[in-house]
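S.K.: Kindly generate the corresponding structure for this input.
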Amino acid sequence: MTEPAGSKKPGNKKKSARLPFIDWTRGLAAVIMLQGHAFHSFTRPDLRDSGPYVISQFVGGMPPAIFQFLVGVTLAFLMHSRERAGLTPRQRVWAALRRSGYLFGLAFAFRLSLWILGWPHSPTRDLLRVDVLNAMGFSVAVLSIMAVFQTVDRVRLCAALGVLIAAASPIISQLDLSAIPTPIRQYIVPDYNAFGFFPWGAFVAFGMSVGSIIRLMQPEQYERAAQWAAL
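M.R.: Okay, the predicted model is just below:
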C-alpha cells in the first residue's frame, strides 16, 4: 500500500546542520558576560576591591575573546560552504566581506542606540568607539582574503596568522602612531579602552583554523576531538 504524497514517517525528520556545542559555548559566554555587567552595575564602590567582585570581572573579561573565536569558526564555515558550492575565490572573498558589513552594521546600530538612550549626556565620540562588534567586523574584513585558499590550507595558514598577530601586538603597541586619527588608530593599536585588531584579531584567526578543522572532520569524530581539545 502506497503512502499519500507528502506524508512523512515518524522519526524521519531532517537532521539539523547546526552544531550544538557551538551554540552552547556562545550561550555560556553570554551568561558570563551578563554576570560581569550585573556585578559592575550593582556593586557599591567600597566593595569593588573584594574577592568576589574581582573574580566576577576577571571571568567577565573572557566572553569578548570567546565571541571573537566563534566568529572565526563560523567564518570558516562560510568559506567552506562557498567553496563546496563552486564559487570563485573572488566570490568567496565577497561573501566574507558581506559578513563583515553585517557585523559593522550591528556595531554602529548598537552604538547609536546607546547614544540615543544617553542623550543629551552622551559624548558624540562614543558613536565611533571601537567595541567588540566593531572589532569583529574589522577582523573579518582583514581576514576575508583567506577565502581564496582551500579549507585544508586555511587550517595551518590561519593558525600561523593567529600566532603572528599575537606576537606582533607588543611591537605595534610601542610604535608612535599618534599621527593616525584616534577612531582609526583604535581599530589597529592595542588599547585598554578599545578592541584593536592587535591582539583581538588573533582570536578570529585561531577560530578560522579550528572551524576549518571541524569542517574537515566527520560528525562521528566530533566527540573525540572535543575531548582532546578540552585537554
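S.K.: Can you pull up the most central residue in the protein?
M.R.: residue 68 (2.4 Å; C-alpha atoms, centre = their mean).
S.K.: helices or strands next to the longest helix belonging to the chain in the packing?
M.R.: As assigned by DSSP state H, the longest helix anywhere in the chain is helix 89-118. If you count contacts as 3 or more C-beta pairs under 8 Å, 6 or more residues apart in numbering; DSSP states H and E, helix 89-118 packs onto helix 63-84, helix 132-143. The way it works is simple: take the backbone N, C-alpha and C, and place the C-beta from them, glycine included.
S.K.: how about low-confidence regions in this structure?
M.R.: By pLDDT under 70, the low-scoring segments of the chain are 1-17.
S.K.: count of residues packed around residue 109?
M.R.: Residues lying near residue 109 (other C-beta atoms under 10 Å) number 11.
S.K.: how much space between it and residue 97?
M.R.: Note on residue 109: its distance to residue 97, by C-beta to C-beta, to the nearest Å, is 19 Å.
S.K.: do residue 228 as well
M.R.: 34 Å.
S.K.: Comparing the two, which shows the higher neighbour count?
M.R.: Between residue 228 and residue 97, counting by other C-beta under 10 Å, residue 97 is the more crowded of the two (15 against 7).
S.K.: give me the number of residues near the closest residue to the more buried one other than its chain neighbours?
M.R.: Nearest-residue entry for residue 97: residue 144, 5.2 Å, with adjacent residues in sequence omitted and distances by C-beta to C-beta, 6 or more residues apart in numbering. If you count neighbours by other C-beta under 10 Å, residue 144 ends up with 21.
S.K.: close enough to count as contact, residue 144 and residue 98?
M.R.: No: contact criterion C-beta atoms under 8 Å: residue 144 and residue 98 do not qualify, at 9.3 Å.
S.K.: what about the residue nearest to the residue nearest to the centre of the chain when sequence neighbours are not counted, how many neighbours?
M.R.: Leaving aside its sequence neighbours, residue 68 sits nearest to residue 203 (C-beta to C-beta, 6+ apart; 3.7 Å). Other residues near residue 203 number 24, with proximity taken as other C-beta under 10 Å.
S.K.: Look at residue 203 and give its secondary structure.
M.R.: The local conformation at residue 203, judged by DSSP: H, G, I helix; E, B strand; the rest coil, is helix.
S.K.: What spatial separation is found between it and residue 119?
M.R.: Distance, residue 203 to residue 119, using C-beta to C-beta: 33 Å.
S.K.: Identify the residues contacting the closest residue to residue 47 other than its chain neighbours.
M.R.: In this structure, residue 47 finds its nearest non-sequential neighbour in residue 53, 6.0 Å apart by C-beta to C-beta, 6+ apart. Neighbour list for residue 53: 39, 43, 47 [criterion: C-beta atoms under 8 Å, 6 or more residues apart in numbering].
S.K.: Show me which residues of the helix or strand containing the first one are buried.
M.R.: Secondary-structure assignment from DSSP states H and E places residue 39 in helix 20-42. For helix 20-42, burial by neighbour count (16 or more other C-beta atoms under 10 Å) applies to 25-26, 29, 32-33, 36, 39.
S.K.: What is the nearest of those residues to residue 219?
M.R.: Nearest to residue 219 among those: residue 25, at 17.5 Å, using C-beta to C-beta.
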